[in-house]
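Here is my input; please provide its structure:
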Amino acid sequence: MEIIAAMFLGLLAFIIWLYPIYRIAVSERTSGGEKVAWLVLTICIFWFTWILYLLLAPLKQREYVRL
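Got it, this is the predicted structure:
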């Protein structure tokens, strides 16, 4: 059951990651080089924040309380 939940969350995260890229790609507000620039910027910022998260989070170790 945990594997199914993890797969669902992974799929949901992937869809959330793709949604802004899709919206920019089909938008008529920009075209040509400007559209490509927005797409590249969107992809890079997502990956940049992901790399920062992997490097910096968690900032301190969790303290576990023994019961």
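
Please name the residues that touch the spatially most central residue of the chain.
With distances taken as CA atoms, centre = their mean, residue 17 lies nearest the centre of the chain, 4.5 Å away. Going by CB atoms under 8 Å, 6 or more residues apart in numbering, residue 17 touches residue 46. Using the backbone N, CA and C atoms, a C-beta is placed for each residue, glycine as well.

any idea what it is structurally, helix, strand or coil?
Following DSSP: H, G, I helix; E, B strand; the rest coil, we place residue 17 in the helix state.

can you pull the pLDDT of it?
Residue 17 carries a pLDDT value of 84.

Check residue 52 too.
The predicted local confidence for residue 52 is 72.

residue contacts, it?
So residue 52 contacts nothing (CB under 8 Å, 6+ apart).

buried ones in stretch 24-35?
Buried residues in stretch 24-35, counted by 16 or more other CB atoms under 10 Å: 24, 35.
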